[in-house]
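Enquirer: mind looking at a prediction? Sequence and model below.
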Amino acid sequence: MLKHKILTVDDDPDILDVLSLTLSELYEVIQAENGQAGLQMAQTSSPSLIITDYAMPIMDGRQFCQALKKDILLRHIPVIMLTGKGEVQDKVGGIDAGADDYIVKPFEPNELLARIKMILRRTERSLDANPLTYLPGNVSIMDELQIRVSSKKPFAVGYVDLDKFKAYNDKYGFERGDEVIRETAKSIIKAVNAMGDKNTFIGHIGGDDFVFVSEDNQADGICQKIIEEFDKTAPSFYSDEDREAGFILTKDRQGNEIKAGFLSISIGIVSSATQQINHIAQVGEIGAELKKYAKGIEGSVYVRDKRKA
């Protein structure tokens, strides 16, 4: 397993030695003796996290943070600021400049390690999370599926997709389309809270595609509840005029005006209870087939794979 790389920046060689001794067992450690050298190293080495002193020559910790956060390729890297005991202004200045956390020198090694682990976990989640719904993204989805497949215990995966979403976006615009996606996420969350348990996972694949992973005996109830919640909310997405008409006018790919029905939701359930699932690619392949079949049925619907190995 690859170690996270941590860049430590300090003009005091003794502090750099202490940081290296504290971190090197768990992380790959690279070091710089001032902010300017630290910025250059960050640009060439892509660290997972940076620990920097506040008071340094050439470029201090505040200036270093400001320069880092201006760089579009580096601004996501979390920074822990080291400050002197009781130097409140340094702490405030570091946070204002973009530092994610601070720790007072002399520091307790176990506290520093705990803070690093917390920040790395939080950063990984935020980088993977979908920026529209804040639900876990594809990396977390793959990890969850791998855990379920490896456990050999029965599970179900629900692939959730909106029908006629492109027509809606063409008529109402992407901003309204984004609101539909957020409301869809809320419908799924409500359904899982009502019919699932604490181990039920929800992910956002992207666009109008979602997934949930649950116990097999919970999947049907979750799907029914998703459909109920979505269909209850869907009419509010439309203008009074369109609701009264029962359709929207939009254009096909050739530019011809067509009537498009209202949004609905399609769900395909892949279950390891009826067939052996050996790898996560198998889950995706079956899910794509089921979702395609479900989308061929008018209205909101879910289908379950009943084929047996």
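Expert: Done, it's in.

Enquirer: and the pLDDT at the most centrally placed residue in the chain?
Expert: Geometric centre of the chain, nearest residue: A129, 1.2 Å, by CA atoms, centre = their mean. We have a pLDDT of 85 for A129.

Enquirer: check contacts around it.
Expert: Applying CB atoms under 8 Å, 6 or more residues apart in numbering to A129 gives the contacts L135, P136, G137. No exception for glycine: its C-beta is placed from N, CA and C like everyone else's.

Enquirer: same question for T8.
Expert: Listed by CB under 8 Å, 6+ apart, the contact set of T8 reads L16, L19, S20, L23, V29, I30, Q31, A32, I50, I51, T52.

Enquirer: buried subset of the residues you listed?
Expert: L16, L19, L23, V29, I30, Q31, A32, I50, I51, T52 (16 or more other CB atoms under 10 Å).

Enquirer: among these, which one sits closest to F262?
Expert: Comparing these against F262 with CB to CB places I50 closest, at 50.0 Å.

Enquirer: name every strand pairing with the helix or strand hosting the closest one and say which way it goes.
Expert: If you go by DSSP states H and E, I50 is part of strand 49-53. Taking DSSP bridges as the criterion, strand 49-53 forms sheet pairs with strand 5-9 (parallel), strand 79-84 (parallel).

Enquirer: can you list the residues that contact that strand?
Expert: Outside of strand 49-53, the residues within contact range by CB under 8 Å, 6+ apart are 4, 6-12, 15, 19, 35, 38, 42, 61, 64-65, 68, 77-82, 99, 112, 116, 119-120, 123.

Enquirer: just checking, which helix or strand succeeds the longest helix seen in the chain along the chain?
Expert: Longest helix in the chain, counting residues (DSSP state H): helix 174-195. Helices and strands here follow DSSP H and E; after helix 174-195, the next one along the chain is strand 201-206.

Enquirer: what pairs with that following strand, parallel or antiparallel?
Expert: With DSSP bridges as the test, strand 201-206 pairs up with strand 209-214 (antiparallel).

Enquirer: mean confidence for the partner strand?
Expert: Mean pLDDT, strand 209-214: 97.

Enquirer: can you check what angle separates that strand from helix 174-195?
Expert: Orientation check (axes from the mean of the first three to the mean of the last three CA atoms, to 10 degrees): strand 209-214 against helix 174-195 gives 10 degrees.

Enquirer: could you pull up phi and psi at the closest residue to K306 other than its chain neighbours?
Expert: Using CB to CB, 6 or more residues apart in numbering and skipping the chain neighbours, the partner closest in space to K306 is T274 (6.4 Å). Here is the backbone geometry of T274 (degrees, to the nearest 10): phi -110, psi -10.

Enquirer: next helix or strand past the worst-scoring helix or strand of the chain on mean pLDDT?
Expert: In the chain, the helix or strand scored least confidently by mean pLDDT, DSSP states H and E is helix 88-97, which has a mean of 67. Next in sequence after helix 88-97, counting helices and strands by DSSP H and E, comes strand 101-105.

Enquirer: which strands and helices sit next to that following strand?
Expert: Where contact means 3 or more CB pairs under 8 Å, 6 or more residues apart in numbering; DSSP states H and E, strand 101-105 is packed against strand 79-84, helix 88-97, helix 109-128.

Enquirer: and of the ones you listed, who's closest to A294?
Expert: Of all the helices and strands packed on strand 101-105, helix 109-128 sits nearest to A294, with 27.0 Å by CB to CB.

Enquirer: how about that closest one: buried residues?
Expert: Within helix 109-128, the residues scored as buried using 16+ other CB under 10 Å are L112, R115, I116, I119, L120, T123, D128.
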